[in-house]
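Asks: fold the following.
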Amino acid sequence: MATEPVTAGMLCSLPIFSDLDDQHVGVIAGVSTIRPMQDDEVVFREGDPRDCLYIVLEGRVALEMNVPGRGRLRILTVEPQEVLGWSGVAEAAPRRTMTARAVADGKLLAIDSGKLRAACEADPALGYAVMHHVVNVIAGRLLATRLQLLDMFSNPSSEAPHG
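Replies: Residues are numbered from 1 along each chain as shown. Down below sits the predicted model:
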């Protein structure tokens, strides 16, 4: 299967990279690949080692966690141009914290997390730009998780929405 090239234009159209200069975009392109995904395909599972930071290019991906006694719970759905798998760049999270499952056919930008972390450490300007966006993603995911937990515990007899 031929792989689709990662271009600077593609990267600059994504909010996470829209404010990077040409040199930084080139670095990101050099450690990225395009990964196709099919509906219901597991992109990664909770507990898997981190390998990539993903950005949804096309399609949608559900983030799920297993809750004892309730089964699989969907926390949120990641839409095109949004980041998936932030733990790929966080030293404190060597394992995936949720399962990511495609809910439509599509494509992901897969950025090698080890190479991205090394590039960020070598170039603090790149590191700041990437981590600035990733921190906002983490904050959004924490809020979504909090809302799910409030929903679960405010009505404990209800069924899990996707269990």
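
Asks: for the longest helix seen in the chain, name the packing helices and strands.
Replies: Taking DSSP state H as the criterion, the chain has its longest helix at helix 124-154. Under the contact definition 3 or more Cβ pairs under 8 Å, 6 or more residues apart in numbering; DSSP states H and E, helix 124-154 sits against helix 22-30, strand 71-78, strand 83-84, helix 113-122. Where you see a C-beta, it was placed from the backbone N, CA and C, and this is true even at glycine.

Asks: which one of these lies closest to His132?
Replies: helix 113-122 (11.1 Å; Cβ to Cβ).

Asks: mind giving me the packing neighbours of the closest one?
Replies: Applying 3+ Cβ pairs under 8 Å, 6+ apart, one finds that helix 113-122 makes contact with helix 22-30, strand 52-58, helix 124-154.

Asks: now that helix against helix 22-30, angle please.
Replies: For helix 113-122 against helix 22-30, the angle between stretch directions is 160 degrees (axes from the mean of the first three to the mean of the last three Cα atoms, to 10 degrees).

Asks: by how many degrees do helix 113-122 and helix 124-154 diverge?
Replies: Angle between the axes of helix 113-122 and helix 124-154 is 130 degrees (criterion: the same axes, to 10 degrees).

Asks: tell me which residues are up against helix 113-122.
Replies: Applying Cβ atoms under 8 Å, 6 or more residues apart in numbering, the external contacts of helix 113-122 come out as 27-28, 31, 50-53, 85, 88-89, 91, 126-127, 130-131.

Asks: thinking again about what came up before, what are the buried residues along the longest helix of the chain?
Replies: By neighbour count on 16 or more other Cβ atoms under 10 Å, the buried set for helix 124-154 is 126-127, 129-130, 133-134, 137-138, 141, 145, 148.

Asks: of these, which is the nearest to Leu14?
Replies: Closest approach between these and Leu14, by Cβ to Cβ: His133, at 9.6 Å.

Asks: returning to what we had before: from the buried residues of helix 124-154, which single one is nearest Leu108?
Replies: Ranked by distance to Leu108 (Cβ to Cβ), the buried residues of helix 124-154 are led by Val137 at 14.8 Å.
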